[in-house]
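Chemist: Provide a 3D model corresponding to the input given below.
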Amino acid sequence: MKDIQNQIDNRQVNIDRVGIKGIRYPITVLDRANQFQHTIATINMYVDLPHTVKGTHMSRFVELLHVFREEVSIKSFSYIMDRMKEKLNAESARIEVRFPYFVEKQAPISQAKGLMDYQCGFIATGGKDGAVDIVMEVSVPITSVCPCSKEISEYGAHNQRGQVQLRVRFDGLIWLEEMISLVEKSASSELYSILKRVDEKEVTEQGYENPKFVEDIVRDIALALEKIENVTWYELSVENFESIHNHSAYAYVISSDSTKCD
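Modeler: Numbering: from 1, shown residues only. Below you'll find the predicted structure:
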């Protein structure tokens with residue numbers, strides 16, 4: 001049969017990324033507590049396309065998912081990059097894998113156990129030199145109490161849910177749980193899926209005694225990341241969904257020793 005994709009194109013336009021986007025697929029992720037965790041990922045896969053070629057072979061991307069579905073790891077990313085470039089005759093490749101990740105947490109006083117879900121992911125890019133760049137993503141819900149409200153109010157202080165978006169580059173092994181825990185410890189208080197009354201009292205009072213602006217949270221996370229030797233780059237943002245305003249409070253920090261991950 002005629003291969004339309006491999007026909008010559010005369011428009012002289014290189015394509016930086018072409019591929020598939022938004023495919024849902026079962027994967028297995030490394031889990032610090034239980035070795036492995038099964039989840040469903042949303043995956044984007046791209047390669048470059050030179051101006052001389054009309055199109056890429058989209059079906060080959062889906063075929064390649066079988067290569068690494070059993071384990072998402074640094075080793076598997078490096079391998080799949082090489083295979084993508086080989087099978088699609090490309091010089092560069094990129095994979096974006098995002099998935100819900102579950103961590104068992106115990107309530108602070110009753111020790112009741114429940115699962116917290118976090119949106120996590122990896123972005124891997126590889127060039128013609130064979131080097132692979134991997135960025136880990138975690139999205140962590142938090143609680144913050146407003147220091148200004150606590151200072152000026154006679155009764156209590158307003159608090160709100162927030163969301164921390166963290167990306168890191170790293171040298172060696174780093175766990176999703178490690179980054180999640182680092183973020184949670186930098187908030188006024190952590191979130192839990194199960195809280196008894198004694199736990200609710202503890203969490204409420206803990207947050208009240210630890211008020212933080214978004215500026216405080218983003219700075220505390222940045223300082224904690226600077227102490228981890230194998231974190232080579234980070235990008236993070238904190239958004240508080242204000243309880244007494246119809247807008248969010250926001251803060252953003254990127255380390256100065258590398259380029260932004262788009």
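
Chemist: Below-threshold pLDDT in the stretch 1-150 of the chain: ranges please.
Modeler: Low-confidence segments of the stretch 1-150 of the chain (pLDDT under 70): 1-10, 55, 74.

Chemist: what about the strands in it?
Modeler: Assigned by DSSP state E, counting those that start in this stretch, the stretch 1-150 of the chain shows strands spanning 15-31, 35-49, 93-106, 113-126, 132-145.

Chemist: Now the ones you listed in a markdown table, please, with extra columns for distance to residue 57 and mean neighbour count.
Modeler: (Glycine included, C-beta is placed from N, CA and C.) Shown next, in a markdown table, are the strands of the stretch 1-150 of the chain (distance: least, Cβ to Cβ, whole Å; neighbours: other Cβ atoms under 10 Å):
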| stretch | distance to residue 57 | mean neighbour count |
| --- | --- | --- |
| strand 15-31 | 10 | 15 |
| strand 35-49 | 10 | 18 |
| strand 93-106 | 14 | 19 |
| strand 113-126 | 18 | 18 |
| strand 132-145 | 22 | 21 |
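
Chemist: Turn those into TSV, including distance to residue 222.
Modeler: Formatted as TSV, those follow (distance: least, Cβ to Cβ, whole Å):
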stretch	distance to residue 222
strand 15-31	26
strand 35-49	28
strand 93-106	23
strand 113-126	20
strand 132-145	15
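
Chemist: For residue 148, give its distance to residue 72.
Modeler: 42 Å (Cβ to Cβ, to the nearest Å).

Chemist: what about those two, which has more around it?
Modeler: residue 72 (25 against 11; other Cβ atoms under 10 Å).

Chemist: give the contact list for the residue lying closest to that one once chain neighbours are set aside.
Modeler: Using Cβ to Cβ, 6 or more residues apart in numbering and skipping the chain neighbours, the partner closest in space to residue 72 is residue 29 (4.9 Å). Going by Cβ atoms under 8 Å, 6 or more residues apart in numbering, residue 29 touches 36, 37, 38, 39, 71, 72, 99, 101, 120, 176.

Chemist: Taking the centroid of the protein, which residue is nearest it?
Modeler: By Cα atoms, centre = their mean, the chain has its centre lying nearest to residue 137, at 1.8 Å.

Chemist: who's the nearest residue to residue 102 once chain neighbours are set aside bridged to?
Modeler: Spatially, and ignoring its direct neighbours in sequence, residue 102 is nearest to residue 115 (4.7 Å; Cβ to Cβ, 6+ apart). For residue 115, the beta-bridge partners are residue 104 (DSSP bridges).

Chemist: can you check the one 5 residues further on too?
Modeler: For residue 120, the beta-bridge partners are residue 99, residue 138 (DSSP bridges).

Chemist: So it versus residue 105, what's the distance?
Modeler: Counting by Cβ to Cβ, the gap from residue 120 to residue 105 is 15 Å.

Chemist: Specify the beta-bridge partners of residue 239.
Modeler: In beta-bridge terms (that is, DSSP bridges), residue 239 pairs with residue 163, residue 250.

Chemist: That one and residue 160 touch, don't they?
Modeler: No. Counting by Cβ atoms under 8 Å, residue 239 does not reach residue 160; the two are 10.0 Å apart.

Chemist: any common contacting residues for those two?
Modeler: Counting by Cβ under 8 Å, 6+ apart, nothing touches both residue 239 and residue 160.

Chemist: contacting residues around the nearest residue to residue 191 once chain neighbours are set aside?
Modeler: Using Cβ to Cβ, 6+ apart and skipping the chain neighbours, the partner closest in space to residue 191 is residue 141 (5.2 Å). Taking Cβ under 8 Å, 6+ apart, we find residue 141 in contact with 118, 161, 162, 163, 164, 191.

Chemist: Since that was my last question, I'll sign off now.
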